[in-house]
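Engineer: attaching a predicted model along with its sequence, questions to come.
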Amino acid sequence: MPEETHSILSLPPSARRSPLVSKNHVLIVDDEDLYRRALERILKRQGHTISCACNGPDALEFLNGHSVDLVLCDIKMPGMNGLDVVKRIHEIRPDLPCIVITGFGSSERSLEALGAGAFWYLEKPFEQERLDVVRRLVDQAIEHGQLKSENRRLKSELHSRHKFDRIIGKSEGLSKMLSLIEKVADTESTVLITGESGTGKELVAQALHYNSRRADKPLVTVNCGAIPEELLESELFGHIKGAFTGAHQSREGRFSRADGGTIFLDEIGDMSPNLQVKLLRVLQERSFEPVGSSKTRRIDVRIVAATHQNLPGLIEEKLFREDLYYRLNVVPIEVPALRNRGGDVALLVHHFLGIVGQGRDAKNTTISGEAMARLSTYHWPGNVRELENLMERLAILCGADGIQLSDLPDSLSSGPKPLTPTRELPAEGLSLNRAVEELEKSLISQALIRTKWNKNRAAQLLDVNRTTLIEKIKKRELTPPD
Ligand SMILES: Nc1ncnc2c1ncn2[C@@H]1O[C@H](COP(=O)(O)OP(=O)(O)OP(=O)(O)O)[C@@H](O)[C@H]1O
Ligand SMILES: [Mg+2]
């Protein structure tokens, strides 16, 4: 039995099927007929309605027109792989739980799957004695999705003013940040929020707006990275009828909708150079023209922008305008990474377990000291979002004695993995220089691929300075893909 399934197997026998989970619609995505059919049989017997897709694009198209409660997705498929499918699904349905199916013994991939937002992972093959595990995991994932969307509904119903109490943490870094927010919230200054992905930049933007005199007016968020470039201009500034093919009616843009309030330009580092020029003008003059119109519109908005990217690095690479950067960076707020926030991990763990508890008979899940110690020393590359997702899953998957060390995913080691050679020293020996060269080349290539050849970020990942990295890239003649 693979290690990774222990936490699932260790569920108490009393872990009954949730009353929330009855007959549900499950989508199975796998290019291999055999496994698809096997899963279909198993889950049909459980009473679920099953739909199948042979690849990612078909699955995404299916989700467009159908309501689905759970997706089971194979990780290895030609074209779009399972991790990309999960990420794309969460862009359109953030609450839809996905279980990723991995090959036997591939714990690295399992961790990647969790990082990509999967609820959990299942290893092939589905032997008879593991069917119960499969069924229970499916039920738990469905319940998780239902609780999540219920939670979202309640949150939006509350429509509460976001005072600072939504930002949990008492560490020095976070306290400094909170006092800066407090000082700057009720001013008209443009704010640039930076910080790694998942650190809470959106929460900061909300705190700024809801603690300003604009709080009763709209806070309009635009994710500049998620909207295709050709649509973003009309999305931001609106368009008039006939401005382009398909513009049957004129439409108001998000700047107009934010009039009187705040516009939050998220992922600003992804904005195209063409739009950067237009945004610069809005920042300077607080006016713009809708696409296709020559009539200038004046607006009164406060601008808050955020990015997880290193803008000075993008400026150096001529991908971001320096003049726009200075206009945005009037008040910089840097959200600290979770690994640098000391005791905040424990506070956040209890906070998230408390939230999950509210949806489940008001019973809080406990956590053992050992498990908490492991969480406190983990390096949290996905920051608070990663912690939040993990707590939601663990609260469902753990046994009656709360979260134990053995419930944590195996690969949750306490820090960036030390590099241990994966190869044994061959009996005949090896060339140490060549082996080191190969390892270095492989790690540099991985960092460049992961950062889409953003050398600043790749250098950060590898903890070397940019010039050293550039020299190494040249020496090894690494070139970006076409
Ligand atoms: N200090 C905090 N207290 C409570 N919840 C937090 C805190 N920071 C972040 N979160 C939660 O973590 C999740 C991620 O936060 P958020 O979306 O604001 O991150 P982000 O920095 O905008 O990430 P990205 O760069 O990926 O967009 C959210 O669900 C948010 O509510
Ligand atoms: Mg964000």
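Structural biologist: Looks like it arrived, so ask away. Ligands and ions are numbered 1, 2, ... in the order given.

Engineer: all contacts plus neighbour counts: C-alpha atoms, from now on.
Structural biologist: Will do.

Engineer: so which bits of the host helix or strand of Leu283 are buried?
Structural biologist: Using DSSP states H and E, Leu283 maps to helix 273-285. Buried residues in helix 273-285, defined by neighbour count with 16 or more other CA atoms under 10 Å: Gln276, Lys278, Leu279, Leu280, Val282, Leu283.

Engineer: same check on stretch 459-478?
Structural biologist: Ala459, Arg466, Leu469, Ile473.

Engineer: the lengthiest helix in the chain: what's the following helix or strand?
Structural biologist: Scanning the chain for the helix with the most residues, using DSSP state H, yields helix 131-158. Heading C-terminal from helix 131-158, the first helix or strand you meet, by DSSP H and E, is helix 172-185.

Engineer: off-centre distance for that next one?
Structural biologist: The chain centroid and the centroid of helix 172-185 are separated by 24 Å, computed with CA atoms, centre = their mean, to the nearest Å.

Engineer: quick check: mean pLDDT across the following helix or strand past that helix?
Structural biologist: Next helix or strand after helix 172-185 toward the C-terminus (DSSP H and E): strand 191-194. Strand 191-194 shows an average pLDDT of 98 in the prediction.

Engineer: do stretch 98-112 as well
Structural biologist: 81.

Engineer: mind checking the end-to-end distance for that stretch?
Structural biologist: Using CA to CA, to the nearest Å, one end of stretch 98-112 lies 13 Å from the other.

Engineer: show residues contacting that stretch.
Structural biologist: 2, 4, 70-76, 82-83, 86, 113, 117-125, 138, 141, 409, 411 (CA atoms under 8 Å, 6 or more residues apart in numbering).

Engineer: what of stretch 441-454?
Structural biologist: The contact list for stretch 441-454 (CA under 8 Å, 6+ apart) reads Lys455, Arg457, Ala458, Leu461, Leu462, Ile473, Arg476, Leu478, Pro480.

Engineer: checking the residue lying closest to the last one once chain neighbours are set aside next. Helix, strand or coil?
Structural biologist: It refers to Pro480. Using CA to CA, 6 or more residues apart in numbering and skipping residues adjacent in sequence, the residue nearest Pro480 is Trp453, 6.8 Å away. Here Trp453 is coil, with the state taken from DSSP: H, G, I helix; E, B strand; the rest coil.

Engineer: chain neighbours aside, what residue packs nearest to Leu347?
Structural biologist: Leu347 sits nearest to Gly169 (CA to CA, 6+ apart), 6.5 Å away.

Engineer: the helix holding Leu283: how far from the chain's middle?
Structural biologist: With CA atoms, centre = their mean, you get 28 Å for helix 273-285.

Engineer: and the longest helix of the chain, what does it pack against?
Structural biologist: For helix 131-158, the packing partners by 3 or more CA pairs under 8 Å, 6 or more residues apart in numbering; DSSP states H and E come out as helix 6-9, helix 33-45, strand 70-74, strand 98-102, helix 383-397.

Engineer: quick one: the last one to chain centroid distance?
Structural biologist: With CA atoms, centre = their mean as the basis, the distance from the averaged C-alpha position of helix 383-397 to the chain average is 12 Å.

Engineer: average pLDDT across that helix?
Structural biologist: 92.

Engineer: who does it touch, helix- and strand-wise?
Structural biologist: helix 131-158, helix 344-358.

Engineer: list the buried ones in the first one?
Structural biologist: Under the neighbour-count criterion of 16+ other CA under 10 Å, helix 131-158 has 133-148, 151 buried.

Engineer: which parts of this structure sit against ligand 1?
Structural biologist: With CA under 6 Å from any ligand atom as the criterion, the chain comes near ligand 1 at residues 166-169, 196-203, 308, 384-385.

Engineer: let's see 8 Å
Structural biologist: 166-169, 174, 194-204, 266-267, 306-308, 335, 348, 351-352, 383-388 (CA under 8 Å from any ligand atom).

Engineer: tell me which residue of the stretch 351-482 of the chain lies closest to ligand 1.
Structural biologist: In the stretch 351-482 of the chain, the residue that lies nearest ligand 1 is Arg385 (4.1 Å; CA to the nearest ligand atom).

Engineer: which SS class is Glu477?
Structural biologist: Going by three-state DSSP: Glu477 is coil.

Engineer: that's all I had, so thanks and see you.
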